Structure formats: C-alpha cells, structure tokens
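[1] need a structure here:
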Amino acid sequence: MKIATYNVNSVRKRLDILRAWLKQHQPDVLCLQETKVQDKDFPREAFADLPYVLTICGQKSYNGVAVLSRKTPEEVHFGFEDEHGQEEATRLAHVVIDGIPIINTYIPQGYAIDSPKYAYKLEWFRRLKRYFSKKLSPDQSAIWCGDMNVAPEPIDVHSPEKHLKHVCFHEDARRAYHDTVSWGFTDVFRHHFPKKQQFTFWDYRRPDALEANRGWRIDHLMVTAPLLPKSHMVKVDLNPRKAENPSDHTVLWAEFSL
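    Numbering: from 1, shown residues only. This next block holds a predicted model:
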C-alpha cells in the first residue's frame, strides 16, 4: 500500500498539481486537508478519469478533509462522534480500507498561545486520543496522518529558538502531540530518518522560505506497531511545493508491504 498526505490549501486551486501527482505516483490512498470547499462544490469531475473513489467532508472557505482511494472504503466516519456532535467533521475523516483504519486529521493551528483557539487545539489532541482508545487498538494495524500543526522536536523547525512561543512549537502543543502519539503510534518518517532535517511546510508569505529552507515539519504519517516493520519507504516530495501556484505544504508519502 502506498499512502500519501497533503494539505492542499484549497483543492480547486491545486487541481493541476494534484492530477499530475496522482498520475505520476499512483498512490493507493491520498489524504487531503484544507480542501476549503462544500461537498456540493467539490470538483469531482476533475478526478473522473482517474481510478479513485472520493470520500469528502468540507465546508466553504476553510477546513475540509478528503480521502482519495483506489478501493471503496469499507467504513466511513467523520468527526469525533462524541458529545460535541459533528462540528469537527471537516477536520477528521476515518476510513477503513482492506481492514486497516486510516485517520486523516487537520488539527487546529491555534492562532496564538493566549487565545481560546490554542486551548481548543490542546483539547482537540486530548479528544483525539480518546477517539483512538474508543475506535482503534494499538495492537492492530492503523494509520494516522495529516496536518498536525506541530513540529515535534527542534530538528523539525528552522531556528527553533525563535519559535518557542509559536502555537506549532510551544511546549504545551508539543506535549499534547507527544501524549497523543504515545497512545500507540510511531512517526514513520522519524523511524526511518532519526536525525534528518526535512520540512513539509514553507510559509509563502516569506517568498524565499523554500529556497532558504526555512520550513517546518508539521505534516506527519503515523502507524501502530503491527505496520511499522512493513514500512519500507517514506519520502517528502518537494515537487508539489515547487510547482506553479502551490500550497505552502507538500506531499508526504510512505509504502507498506501488506
């Protein structure tokens, strides 16, 4: 299985990049975040000639998750399905393909550490961990991927000493992230490359960010223990970020022998 994750930052704006990447790499599953489009306006026709089933949950202008898969998912869920209802449905997609649960998340950014949005982000991680305990088992195969909006370690962000109060590197956000991962997931990229600095996001408000490699590794792909020894390749593909009219994120993908 080849699975990829990509914060597309508006699916309609990245159709050319998406189609080219799908044709070249032919993943079994592509998880998208920040599709920024209502379901009724999702550009399904742009994928009609490609062998993918579209599982989508979006809203106008922001958020939105989608899963493009070669096989029809055996199960589909959106949101936490908890006492808060479906208000986070556009941030969490849960599909089951070939018996393997795949959780695609777009975790809140947090805005500022003194903002209610940051407290919401921390609570989101806690709720996600509870969701894992309810829906999954660390002893069974599962995949969690997406835009986590956290750089876990100093190696995962440029100039870490300058970002200690940033919502994506603040100690509380990293602690919440690591606590959620500790439920039973392993970072596939870091497993294969323990000391490699590799970013997945470069802020395009800073025009030279990509060339200067001033980025963040905030997009992640995690697996439970049974899948880890079956992981034999993981890569960050810079080409989508280098393309014309790109997202500020790029594609992370991994292959598993199943």
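
[2] pLDDT wise, what is Pro207 at?
    Turning to Pro207, the model gives it a pLDDT of 84.

[3] just Glu81 next, same as before
    The per-residue confidence score, pLDDT, reads 81 for Glu81.

[4] what does Ala225 give?
    98.

[5] pop out the phi and psi values for it.
    Geometry field for Ala225 lists phi and psi as phi -50, psi -40, criterion degrees, to the nearest 10.

[6] I'd like to know how far it sits from Pro51.
    Relative to Pro51, Ala225 is positioned 31 Å away (criterion: C-beta to C-beta, to the nearest Å). No exception for glycine: its C-beta is placed from N, CA and C like everyone else's.

[7] and if you look at Phe80?
    When C-beta to C-beta is the yardstick, Phe80 and Pro51 sit 31 Å from each other.

[8] of those two, who's got more company?
    Shown here are Phe80 and Pro51; by other C-beta atoms under 10 Å, Phe80 has more neighbours (22 against 11).

[9] all helices for the stretch 51-200 of the chain, in order.
    Counting by DSSP state H, counting those that start in this stretch, the segments of the stretch 51-200 of the chain that form helices are 116-135, 171-181, 188-192.

[10] save those as JSON lines, and put in mean neighbour count too.
    Rendered in JSON lines, the data for these read as follows (neighbours: other C-beta atoms under 10 Å):
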{"stretch": "helix 116-135", "mean neighbour count": "17"}
{"stretch": "helix 171-181", "mean neighbour count": "18"}
{"stretch": "helix 188-192", "mean neighbour count": "19"}
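
[11] can you redo those as a markdown table with distance to Cys145 and mean pLDDT?
    Formatted as a markdown table, those follow (distance: least, C-beta to C-beta, whole Å; pLDDT from 0 to 100):
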| stretch | distance to Cys145 | mean pLDDT |
| --- | --- | --- |
| helix 116-135 | 13 | 97 |
| helix 171-181 | 12 | 98 |
| helix 188-192 | 9 | 98 |
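
[12] can I get these in JSON lines with distance to Leu30?
    Listed next are the helices of the stretch 51-200 of the chain as JSON lines, based on distance: least, C-beta to C-beta, whole Å:
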{"stretch": "helix 116-135", "distance to Leu30": "21"}
{"stretch": "helix 171-181", "distance to Leu30": "22"}
{"stretch": "helix 188-192", "distance to Leu30": "16"}
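
[13] and those helices: which comes nearest Arg14?
    Minimum separation from Arg14 across those (C-beta to C-beta) falls at helix 188-192, 22.1 Å.

[14] show me what the closest one is in contact with.
    Contact partners of helix 188-192, identified using C-beta atoms under 8 Å, 6 or more residues apart in numbering, comprise 152, 198, 217, 220-223, 228, 231, 234, 236, 252, 254.

[15] weed out the non-buried ones from the residues you listed.
    Pro152, Gln198, Arg217, His220, Leu221, Met222, Val223, Ser231, Val234, Val236, Leu252, Ala254 (16 or more other C-beta atoms under 10 Å).

[16] okay, now the closest residue to the third one other than its chain neighbours: neighbour count?
    If I follow you right, that is Arg217. Nearest non-adjacent residue to Arg217, counting by C-beta to C-beta, 6 or more residues apart in numbering: Asp156, 4.0 Å away. Taking other C-beta under 10 Å as the criterion, the count of residues near Asp156 is 24.
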